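> turn this into a structure:
(chains A and B)
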Amino acid sequence: MKRTLFLTLVVIAFLGALISTRTGVAGDGRTKSVAPLVKDNPLSNLWSGFYYAKTETKDMQLDDFENPGMLYVEEGEALFNKTAGKADKSCASCHGNVAVSMKEAGARYPVYYPPLKRLINLEQRINLCRSEFQKAERLEYESRELLALTAYVRHQSKGVPVRVKVDGAAEPFFEKGKAFYYQRRGQLDMACSHCHEGNYGKMIRSNQLSQGQANGFPTYRLKWQGLGSLHRRFRGCNKQVRAKPYAFGSENYVNLELYLNWRGGGLEVETPAVRN
Amino acid sequence: MCTPFSGRGKAFAWLPAGLFSVAVLVTPLTFASLLYAADSGDKSREAESSLVSFEIIDNIHSKAIPKSLTGKKGNPKRGEVVMINRKLGNCLACHHLSRFDEKAKALPNKYGDMGEVGPPLDAVAERYDAGQLRLLLVDAKEVFPDTIMPAFYKVKGLHRVLPDYEGKPILEPQDIEDVLSFLLTLK
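Numbering: from 1, shown residues only, chains lettered A, B, ... in the order given. All right, here's what the predicted structure looks like:
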């Protein structure tokens, strides 16, 4: 009798463990995987790169005082409230209560932008506001100011599940991003999918491969000793297979950015994430 | 070392000199019907390039390159060096080899951090013969079309290769023969 009871408990515990991994509470107790928003996502479970980070790195990200990316967010806040350009306006002049006005943008971008008949990402939206509305100079991609503003804006979406629009006018760009993702490139002849779709969770040298998700960008990388954009990451992942990278903000990368955000649709924005 | 591969540095300029000198040693490619099964539209792809020529024999059950790329025997000691070198074979980025476990502790910079993307290489010579292994090294995609494993001796059909590497294979023909001779000791 006692034995059956014991066995039953063991079975229940086992099933419980099985179910919890199915619903995706990882062994670190701090990471949830989420089911993809759409059925045709090639990934059955989505894991933020957070899950694959070392414990110290996770601690650093979660503590606002220790997260080195938060310095950029604070700089971004100052810039957001400072007037710039001939129009003598600050971002805040038009986007008053950021917690409300900027709550969703970080989870929705890139979007199709009719005047240019292509996609724009958050960095480019910010620069459009600078040139059109503030009559200020565009900020250079990867400049400290643009990173700071982007991090500040996307930080407002922290915790909001990523959800990008890929149909309608965005569709052809989405398809291009997808083709880019699966295109082998470089002397090593690998596509993004070889590392981030077929092998996530496995060690490649000393790195554990993640799903290569975009939900934490701009991200503070310990290796960079600074905050960097998603496009900087793309360039790194291109160059490590000895492929020619594209320019920051190039159409190819923005299309890829849309596709990647679709693959990660449902993951919460983490900006600024901390990674190795 | 964070990236699995980083550029082949100047430090490696001492490696087997030009492909040219090697090419002279090699028999020209013949287009017998045995070669490069009918499906392959790019029969002459290597012949057009600066690479030495080689024949892929495809007898349905097993594809292979039976003949040495250089006509010379490989040196297994040097093969081990090429394999572990992170700018050359970098095989350990993806493969584990138990024989290296001790060395991995003693010399972590060279043998450490063995990856798990590919299958362990233990006893690989019991699974494949020399010709099959040579083909796997030259272009594993001939056997596993979707593989992540790079083709170590191929320059055609690649997309957007960085200028420093354009037209150059990852390994030189004698590197391939040396690595192969090391792999053949794994039984």
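> contacts for stretch A:220-236 next, please.
Defining contact as CB atoms under 8 Å, 6 or more residues apart in numbering or on different chains, one finds that stretch A:220-236 is touched by A:57, A:67-69, A:72, A:123, A:141-142, A:147-148, A:150-151, A:214, A:217-219, A:245-246, A:248-250, A:253, A:256-257, A:260, A:272-276, B:2-3. Every C-beta, even on glycine, is put in place using the N, C-alpha and C of the backbone.
> so what's the residue nearest to A:Gln156 when sequence neighbours are not counted up against?
Sequence neighbours aside, A:Met102 is the residue nearest to A:Gln156 in space, at 4.0 Å (criterion: CB to CB, 6 or more residues apart in numbering or on different chains). Taking CB under 8 Å, 6+ apart, we find A:Met102 in contact with A:His95, A:Val153, A:Gln156, A:Ser157.
> now do B:Phe152
Here B:Phe152 is in contact with B:Gly89, B:Leu137, B:Val138, B:Asp139, B:Pro169, B:Ile170, B:Leu171, B:Asp175, B:Ile176 (CB under 8 Å, 6+ apart).
> so who does the fourth one touch?
Contact criterion CB under 8 Å, 6+ apart gives B:Ala151, B:Phe152, B:Tyr153, B:Lys154 as the residues in contact with B:Asp139.
> neighbours of A:Glu268, just the number please.
Other residues near A:Glu268 number 18, with proximity taken as other CB atoms under 10 Å in any protein chain shown.
> one more: the one 3 residues further on?
Counted by other CB under 10 Å, the residues lying close to A:Thr271 total 25.
> repeat that for the one 5 residues further on.
Other residues within reach of A:Asn276 by the criterion other CB under 10 Å amount to 15.
> would you agree it is in contact with A:Lys54?
Yes: using CB atoms under 8 Å, A:Asn276 is in contact with A:Lys54, at 6.8 Å.
> hmm, back to that, just give me the closest of the contacts of B:Phe152 to A:Arg130.
Checking those against A:Arg130 by CB to CB gives B:Ile170 as the nearest, at 44.4 Å.
> with adjacent residues omitted, what lies nearest to the closest one?
B:Phe152 (4.7 Å).
> how about B:Ile84?
Per CB to CB, 6+ apart, closest to B:Ile84 is B:Lys110, 5.2 Å.
> same check, this time on A:Val274
With CB to CB, 6+ apart, the residue lying closest to A:Val274 is A:Gln61, at 4.0 Å.
> next up, identify which helix or strand the one you found is on.
In this assignment (DSSP states H and E), A:Gln61 forms part of helix A:55-62.
> what do you get for B:Gly157?
Counting by DSSP H and E, B:Gly157 is part of no helix or strand.
> try B:Pro169
Per DSSP H and E, there is no helix or strand for B:Pro169.
> can you give me the strands for the stretch 151-276 of chain A?
Along the stretch 151-276 of chain A, the segments classed as strands by DSSP state E, counting those that start in this stretch run A:203-204, A:207-208, A:219-221, A:226-228, A:274-275.
> winner for burial among the ones you listed?
Ranked by mean neighbour count under mean count of other CB atoms under 10 Å in any protein chain shown, those are led by strand A:274-275, which reaches a mean of 26.
> I'd say B:Leu158 and A:Met190 touch.
No: taking contacts as CB under 8 Å, B:Leu158 lies outside contact range of A:Met190: 10.6 Å.
> shared neighbours of the two, which are they?
A:Arg184.
> if we can go back for a sec, by neighbour count, which of the contacts of A:Met102 wins?
Busiest of these [other CB under 10 Å] is A:Val153, holding 26 neighbours.
> is it correct that it is in contact with A:Gly76?
Yes: under the criterion of CB under 8 Å, A:Val153 makes contact with A:Gly76 at 7.2 Å.
> where are the low-confidence patches of chain B?
For chain B, the stretches with pLDDT under 70 are B:1-49, B:60.
> just to revisit the earlier point, so the residue nearest to B:Ile84 versus chain A, what's the distance?
Relative to chain A, B:Lys110 is positioned 12 Å away (criterion: CB to the nearest CB, to the nearest Å).
> that residue should be in a helix, yeah?
Yes: assessed by DSSP: H, G, I helix; E, B strand; the rest coil, B:Lys110 belongs to a helix.
> can you count the residues close to it?
15.
> SS state for the residue nearest to the spatial centre of chain B?
The centre of chain B sits closest to B:Leu137, judged by CA atoms, centre = their mean, with a distance of 3.1 Å. Assigned with three-state DSSP, B:Leu137 falls in the helix class.
> so which pair among the contacts of B:Asp139 is furthest apart in space?
Among these, B:Phe152 and B:Lys154 lie farthest apart (CB to CB), at 7.5 Å.
> residues shared between the contacts of the two?
Common neighbours of B:Phe152 and B:Lys154, counting by CB under 8 Å, 6+ apart, are B:Val138, B:Asp139, B:Pro169.
> what's the closest non-adjacent residue to the last one?
Leaving aside its sequence neighbours, B:Pro169 sits nearest to B:Tyr153 (CB to CB, 6+ apart; 4.6 Å).
> if we can go back for a sec, now the common contact residues for A:Val153 and A:Gly76.
The contact sets of A:Val153 and A:Gly76 do not overlap (CB under 8 Å, 6+ apart).
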